[in-house]
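>>> please work out how this folds:
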Amino acid sequence: MKQWLAGLMLGAVLTGMAAVGVETVGATKADPVPDRSEECAAVTISSSKNGDTFLIFGTGRTGRVEDLPEALSRDGYGRVAISSWARKADHETTLVNLLEAGIDVEMYYVLQSGKPDWERAEIAGFEASETPEPQPAPIYVKKLIEANDYNRRHKLPGKFRKVRYITIHNTAEPFSARQERDRVDFRRDGVNVSFHYAVDEREIVQILPLDTHGWHAGDGARGPGNSESIGIEICRSQCRDDVDWLYRRSEANAVLLAASLLKHYGLSVENLKMHYDWIQKFCPHRILEEKRWDDFRKKVAAALEKDENLIPIQE
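Model (predicted):
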């Protein structure tokens, strides 16, 4: 990874931070190393009363931030994308330790002083070049989370009474749709959270059955946001500046998905909602901060009226 660029940016942004941790849990060193050489691990860093900890989406492994390089190697990863919610974590040391362990850091997003949580700095020099060709049609991937006891308790609350709305969210993260799917499947923090679709620049990933409602709107078990709406998470919403196109393409794919779902359920654009509409949470933040909700709805309405290139919905 670009160590000189990472060092230059870190020196300006992250002086004087420190990290503490908790006991690592998961596999032991004796476990065989799986082959994830083609995968990029998605990791979040957060603070708790026990210090700064990590979560690896694809395995559910958690532990102390200083143990992250060892945990990634143990899980067979050679690449990582990181998003931190810990304001005082020592990101400079973490980045150096990862590079010294031979882990390629593709992206590393951190909070900035005086900025809202959803507007973060990328300190690893993440690059992704937009192709000049027109945006290809998104690929529909049905990859439901596992219906195990934990997921049934915290992510699969029950059958829809009726689908009346489509709710739009932003993930407030830089990760891909598949990575966001893995986060939902593997998280074990006792929080009720789930949604039906994650959408990025290439794929539409369905993660819940469409006869089952999720926990995405924040309005409780009987609130219409949770109990009567399909939840769509638009990914890459941390991607700005040179990689802003990743978010723009993700949003364009969400327009197609929203129109396709409205058609599938016989609904109109009046049934299209924001997370904000249910509990006044500032979400979808990219659309709200740019004051583009009316524009987004018009694009969905146009796609629905045109009735071309819509996506066959898989129940």
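
>>> just name the shakiest helix or strand of the protein by mean pLDDT.
One helix or strand of the chain scores below all others by mean pLDDT, DSSP states H and E: helix 3-13, with a mean of 40.

>>> the stretch 151-300 of the chain: strands as residue ranges?
Secondary structure of the stretch 151-300 of the chain (DSSP state E, counting those that start in this stretch): strands at 158-159, 165-170, 197-199, 203-206, 212-213, 229-234, 272-274.

>>> could you dump these to JSON lines with distance to residue 261, mean pLDDT and mean neighbour count?
(C-beta placed from N, C-alpha, C; glycine too.) Converted to JSON lines, the strands of the stretch 151-300 of the chain look like this (distance: least, Cβ to Cβ, whole Å; pLDDT from 0 to 100; neighbours: other Cβ atoms under 10 Å):
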{"stretch": "strand 158-159", "distance to residue 261": "18", "mean pLDDT": "94", "mean neighbour count": "10"}
{"stretch": "strand 165-170", "distance to residue 261": "5", "mean pLDDT": "98", "mean neighbour count": "26"}
{"stretch": "strand 197-199", "distance to residue 261": "8", "mean pLDDT": "98", "mean neighbour count": "30"}
{"stretch": "strand 203-206", "distance to residue 261": "10", "mean pLDDT": "98", "mean neighbour count": "22"}
{"stretch": "strand 212-213", "distance to residue 261": "14", "mean pLDDT": "96", "mean neighbour count": "22"}
{"stretch": "strand 229-234", "distance to residue 261": "6", "mean pLDDT": "98", "mean neighbour count": "27"}
{"stretch": "strand 272-274", "distance to residue 261": "9", "mean pLDDT": "98", "mean neighbour count": "21"}
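
>>> pull the contacting residues for residue 158.
212, 213 (Cβ atoms under 8 Å, 6 or more residues apart in numbering).

>>> sorry, back to before: make CSV out of the strands of the stretch 151-300 of the chain and add distance to residue 315.
Formatted as CSV, the strands of the stretch 151-300 of the chain follow (distance: least, Cβ to Cβ, whole Å):
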stretch, distance to residue 315
strand 158-159, 13
strand 165-170, 15
strand 197-199, 13
strand 203-206, 10
strand 212-213, 11
strand 229-234, 12
strand 272-274, 20
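
>>> quick one: low-confidence ranges for the chain?
Across the chain, the ranges flagged by pLDDT under 70 are 1-31.

>>> where do the helices sit along it?
Applying DSSP state H to the chain gives helices spanning 3-13, 68-74, 91-100, 149-154, 177-186, 224-227, 244-264, 275-279, 285-289, 293-306.

>>> tell me which other helices or strands the second one touches.
In terms of contacts (3 or more Cβ pairs under 8 Å, 6 or more residues apart in numbering; DSSP states H and E), helix 68-74 is packed against strand 41-48, strand 51-56, helix 91-100.

>>> residues in contact with the second one?
The contact list for strand 51-56, computed with Cβ under 8 Å, 6+ apart, reads 19-22, 41-47, 61-65, 67-68, 71-72, 75, 77, 86, 88-89, 183, 187.

>>> cool, and stretch 97-105?
Contacts for stretch 97-105 (Cβ under 8 Å, 6+ apart): 1, 3, 6, 66, 68-70, 72-73, 77-82, 95, 124.

>>> and those, which are buried?
For these, a burial check counting by 16 or more other Cβ atoms under 10 Å picks out 1, 6, 66, 68-69, 72, 77-82, 95, 124.

>>> so which of those is the closest to residue 297?
Lowest distance from residue 297 to those (Cβ to Cβ) belongs to residue 81, with 31.2 Å.

>>> separation between the closest one and residue 130?
Counting by Cβ to Cβ, to the nearest Å, the separation of residue 81 from residue 130 is 18 Å.
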